[in-house]
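Engineer: fold the following and give me the result.
(chains A, B and C)
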Amino acid sequence: MITPTDAIALQEQLRSQVITTDMLPHPIRTIAGTDVEYDKDTNLIAGAVVVLDYETLSVLAVASHCMEVSFPYIPGLFSFREMPPLLEAYRQLSITPDLIICDGQGLAHQRRFGLACHFGVTLNVPVIGCGKTRLCGEYHDLGESRGSIAPLIAEDDQALIGNALRTQNSINPVFVSVGHKVSLGTATDIVLKMATQYRLPETTRLADHYARLALLDYKSAPNTPPASI
DNA sequence: GCGACAG
DNA sequence: ATCTTGTCGC
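Structural biologist: Predicted coordinates for the structure are as follows:
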């Protein structure tokens, strides 16, 4: 497998390919969410991709893949751990979504190349990064109401690398950043739109649900393909 | 050296 | 990520 040193070199090389302007279909008709679930007492991980109707949020397609982890967890090299199951799940999808929301950072990363960038550049599709917690960057004066935004500024070069976004009143914000082929403003608007009822966008919540199911299914019957739509 | 550190 | 129910506070 790739070494951490080589992984960093790859990030440095691929980061120049990230597109930070909107290159999405208008109107958006379908949106996908991705998430990865880890098993507590084995090396298994399950990645899931769920495609929703952009307006109704109804589930149009689901795919998942279970496998053994092939890379350690190292902050900043997260994508090398989660990409393999996600790429395989994405490959199995019966529908190609207009864009994807990943559960992790995009440009809001020490080398400006988080999971959302890696996934987007690899597949050449629009991707939004939406993390539950901060990896790097600082923000101030975030309002308490749903829709409040505070710029996430990199500590090193003061670059704008994302937005802290409050998706529900007085609930901890999520961290939105560009993954690929989408602007920060558009990414922020879309994440807020998808977070209809809870802190996290429905895309992420559903992907988490299906990834959990995939892991349980795999453990109970390793040779049986997971249910998919 | 110490703390921080996506999942 | 995972361990994990009820409970404190707005």
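Engineer: helices along chain A, start to end?
Structural biologist: A:4-14, A:79-92, A:115-123, A:184-194, A:202-220 (DSSP state H).
Engineer: which residues touch the shortest one?
Structural biologist: Outside of helix A:115-123, the residues within contact range by C-beta atoms under 8 Å, 6 or more residues apart in numbering are A:11, A:14-15, A:17-18, A:34, A:78-79, A:82-83, A:86-87, A:90, A:100, A:102-107, A:109, A:126-130, A:177-181. Backbone N, C-alpha and C define where each C-beta goes, glycine included.
Engineer: residue A:143 versus residue A:98, what's the distance?
Structural biologist: Applying C-beta to C-beta, to the nearest Å, the value for residue A:98 to residue A:143 is 30 Å.
Engineer: returning to that earlier point: just say which of the helices of chain A is most tucked in.
Structural biologist: Of all the helices of chain A, helix A:115-123 carries the top mean neighbour count, a mean of 25, counting by mean count of other C-beta atoms under 10 Å.
Engineer: could I get that one in CSV with only the CA atoms?
Structural biologist: Extracted in CSV, the C-alpha atoms of helix A:115-123 (Å, rounded to 0.1, in the frame of the first residue of the first chain):
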residue,chain,number,x,y,z
LEU,A,115,-11.5,13.8,1.2
ALA,A,116,-14.0,15.8,-0.8
CYS,A,117,-11.3,17.2,-3.1
HIS,A,118,-9.7,13.7,-3.5
PHE,A,119,-13.1,12.1,-4.3
GLY,A,120,-14.1,14.9,-6.7
VAL,A,121,-10.9,15.1,-8.6
THR,A,122,-10.7,11.3,-8.9
LEU,A,123,-14.2,10.9,-10.3
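Engineer: test my guess that residue A:100 contacts residue A:127.
Structural biologist: Yes: counting by C-beta atoms under 8 Å, residue A:127 is a contact partner of residue A:100 at 4.7 Å.
Engineer: need the pLDDT of residue A:73.
Structural biologist: Per-residue pLDDT puts residue A:73 at 93.
Engineer: oh, I was asking about residue A:1
Structural biologist: For residue A:1, the model assigns a pLDDT of 83.
Engineer: ok, and the closest non-adjacent residue to it?
Structural biologist: Nearest residue to residue A:1, sequence neighbours excluded (C-beta to C-beta, 6 or more residues apart in numbering): residue A:70, at 5.4 Å.
Engineer: what about that neighbour, neighbour count?
Structural biologist: 14 (other C-beta atoms under 10 Å).
Engineer: tell me the contacts of it?
Structural biologist: Each residue near residue A:70 by C-beta under 8 Å, 6+ apart is listed here: A:1, A:81, A:84.
Engineer: ok, of these, which one's closest to DNA strand C?
Structural biologist: Of all the contacts of residue A:70, DNA strand C sits closest to residue A:81, with 9.8 Å by C-beta to the nearest atom of the strand.
Engineer: isn't that closest one up against residue A:72?
Structural biologist: Yes: look at residue A:81 against residue A:72 with C-beta under 8 Å: they come within range, at 7.2 Å.
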